[in-house]
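1. Return atomic coordinates for the entry below.
(4 chains)
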2 protein chains.
Amino acid sequence: MEFAAHGFEAASTRSIAAAADTQQPQINYHFESKEALWKAALDHLFDRLDESMRRHAAALPAPVTARDRLAVTVRSFVHAAAELPELNRIMVHESTVPSDRLRWIVDRHTRPRFELVATEWRAARATGEVPPIDESVLYYSLVGAASLAYVNAPEAELLGYNTLDPAFIVAHADALVLTFLPAPISEPQRPVREGTTT
Amino acid sequence: MEFAAHGFEAASTRSIAAAADTQQPQINYHFESKEALWKAALDHLFDRLDESMRRHAAALPAPVTARDRLAVTVRSFVHAAAELPELNRIMVHESTVPSDRLRWIVDRHTRPRFELVATEWRAARATGEVPPIDESVLYYSLVGAASLAYVNAPEAELLGYNTLDPAFIVAHADALVLTFLPAPISEPQRPVREGTTT
DNA sequence: GTCTATAATTAGATAGAC
DNA sequence: GTCTATCTAATTATAGAC
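-> All right, here's what the predicted structure looks like:
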């Protein structure tokens, strides 16, 4: 993906067309503009992200507690980030400077997904199953921890590590569950239910 | 910084010159090429990273154990990442695709810093003070967790969070120490010294 | 050293043949 | 729908006046 490798401005419609084995004017025939092509590419990548996360979640044991649900989300996201490095590459390319494109992504794709993780985190916080970390701090720490190894795969390769090796990906998912969702030491506090006295 | 905001290719020498209140040809007068300017900018940013980390480390309690030393490194890096978002922005822009520029950065700047963290991590692993996580997994998880909130600050702003707020930065550093360097539950295993019997 | 003018190349988008 | 040719604007780098 040219947009993932070079960013929106530096990705030329000529190289995008060449990668698709066609000619540059075909882009303006099939899409209204370079930006319309970019938006279509992002909608497609986010669809693939959702599909990848659902597929990996289905392969994991069914969660029972709120912490279990987060563990499934974390493991699924690590696997999806490894499977779709292009998406997180585009996200960091676009998120470094305010723009209409960034507002479009955040409104359409980022905010609903952030709210999903924040809601899961609040549920696990309420039962004392996870460490006392604010949801915004948690979100950026977790997403960054889960995605950089794949976003920066060419750099890791030069350091001598193949982060796309399935063994790396599984070790990575294990490590993030171990660190962000450690097994609770004390008994998890049950949420206080109405009408129940302790 | 135009390179941080748009990446090498998309940053025009005209806008760089305009930001420095001068004319575009001045760049080719003072530097051999656009790439030479970029290399000078990166050398300068890495110097500032080292200075920032030293300054923040000096403001923290002196470390005793290997885990303490890592905690100082983590806290200093979080503060430096917040202070210098441009550097990590350039790093993700450049690390997504193999290039001569990427090789230049890795050889000159990334590898020595990676080895430093890996060495500190191995020392703490040997005494059982930190979780059983491979150094490559740890490196990308930690750097990603520490930098994304500042790399993606414009995105966080649209989600309603000011990640450059000192309160966020401190909570972020606390969270990463809590997760990646939890206080050991069991007594840390002392490394076996030669000539010592237990 | 600093500026204007410009050369050589490449960008996204369009016109029009087939 | 697919192609070649081309338009306008932007790019890096250089030439040369001051």
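2. can you list contacts of the host helix or strand of A:His44?
-> Taking DSSP states H and E as the definition, A:His44 sits inside helix A:34-58. The contact list for helix A:34-58 (CB atoms under 8 Å, 6 or more residues apart in numbering or on different chains) reads A:1, A:3, A:8, A:13, A:16, A:27, A:30-31, A:72-73, A:75-77, A:79-80, A:83-84, A:86-87, A:90, A:101, A:104-105, A:108-109. In this view, the C-beta of every residue, glycine as well, is placed from N, C-alpha and C.
3. Could you rerun that using 6 Å?
-> Applying CB atoms under 6 Å, 6 or more residues apart in numbering or on different chains, the contact partners of helix A:34-58 are A:8, A:13, A:27, A:31, A:72, A:76, A:79-80, A:83-84, A:87, A:109.
4. Name the next helix or strand downstream of the helix or strand that contains A:Ala118, please.
-> Secondary structure from DSSP H and E places A:Ala118 in helix A:111-126. Next helix or strand after helix A:111-126 toward the C-terminus (DSSP H and E): helix A:135-151.
5. average pLDDT for that next one?
-> Averaged across helix A:135-151, pLDDT comes to 98.
6. ok, now stretch A:171-190?
-> 82.
7. for stretch A:44-63, same thing?
-> Per-residue pLDDT over stretch A:44-63 has a mean of 98.
8. can you give me the offset of that stretch from its chain's centre?
-> 11 Å (CA atoms, centre = their mean, to the nearest Å).
9. Equivalent analysis for stretch A:166-177, please.
-> 15 Å.
10. Identify the residues contacting that stretch?
-> A:71, A:74-75, A:78, A:82, A:145, B:133-134, B:137.
11. farthest pair in the residues you listed?
-> Spanning the widest gap among those are A:Ala71 and B:Asp134, at 19.6 Å by CB to CB.
12. Okay, buried residues for the helix holding A:Ala118 please.
-> Residues of helix A:111-126 classed as buried: A:113-114, A:117-118, A:120-121, A:123-125 (neighbour count, 16 or more other CB atoms under 10 Å in any protein chain shown).
13. one step back: does DNA strand C sit close to the helix holding A:His44?
-> Yes - applying CB under 7 Å from any atom of the strand, one finds helix A:34-58 in contact with DNA strand C at A:34-35.
14. tilt between that helix and helix A:111-126?
-> Our comparison of helix A:34-58 with helix A:111-126, counting by axes from the mean of the first three to the mean of the last three CA atoms, to 10 degrees, yields an angle of 30 degrees.
15. Show me what counts as buried in helix A:34-58.
-> Result for helix A:34-58 [16+ other CB under 10 Å]: buried residues A:34, A:37-39, A:41-42, A:45-46, A:49, A:52-53, A:56-57.
16. Reformat these into JSON lines and put distance to B:Leu181 next to each item.
-> Output for these, formatted as JSON lines (distance: CB to CB, whole Å):
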{"residue": "A:Lys34", "distance to B:Leu181": "46"}
{"residue": "A:Leu37", "distance to B:Leu181": "45"}
{"residue": "A:Trp38", "distance to B:Leu181": "40"}
{"residue": "A:Lys39", "distance to B:Leu181": "42"}
{"residue": "A:Ala41", "distance to B:Leu181": "39"}
{"residue": "A:Leu42", "distance to B:Leu181": "37"}
{"residue": "A:Leu45", "distance to B:Leu181": "35"}
{"residue": "A:Phe46", "distance to B:Leu181": "34"}
{"residue": "A:Leu49", "distance to B:Leu181": "31"}
{"residue": "A:Ser52", "distance to B:Leu181": "31"}
{"residue": "A:Met53", "distance to B:Leu181": "29"}
{"residue": "A:His56", "distance to B:Leu181": "28"}
{"residue": "A:Ala57", "distance to B:Leu181": "29"}
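17. ok, which residues in chain A are in contact with DNA strand D?
-> A:22-26, A:29-30.
18. quick revisit: helices and strands around whichever helix or strand comes after the helix holding A:His44, which ones?
-> Counting by DSSP H and E, the element after helix A:34-58 in chain order, helix or strand, is helix A:66-83. Under the contact definition 3 or more CB pairs under 6 Å, 6 or more residues apart in numbering or on different chains; DSSP states H and E, helix A:66-83 sits against helix A:34-58, helix A:111-126, helix A:135-151, helix A:166-180.
19. Identify the residues contacting helix A:66-83?
-> Helix A:66-83 is touched from outside by A:49, A:52-53, A:56-57, A:60, A:63, A:88, A:120, A:123-124, A:127, A:129, A:146-147, A:150, A:169, A:172-173, A:176-177, A:181, with contacts defined as CB under 6 Å, 6+ apart.
20. how does it look with 7 Å?
-> A:49, A:52-53, A:56-57, A:60, A:63, A:88, A:117, A:120-121, A:123-124, A:127, A:129-130, A:142, A:146-147, A:150, A:164, A:169, A:172-173, A:176-177, A:180-181 (CB atoms under 7 Å, 6 or more residues apart in numbering or on different chains).
21. circling back: distance between the helix holding A:His44 and the chain's centre?
-> 11 Å.
22. And stretch A:61-68, by the same measure?
-> For stretch A:61-68, the distance to the chain centre is 20 Å (CA atoms, centre = their mean).
23. Let me know the secondary structure of A:Pro98.
-> coil (DSSP: H, G, I helix; E, B strand; the rest coil).
24. Kind regards, and thank you for your time.
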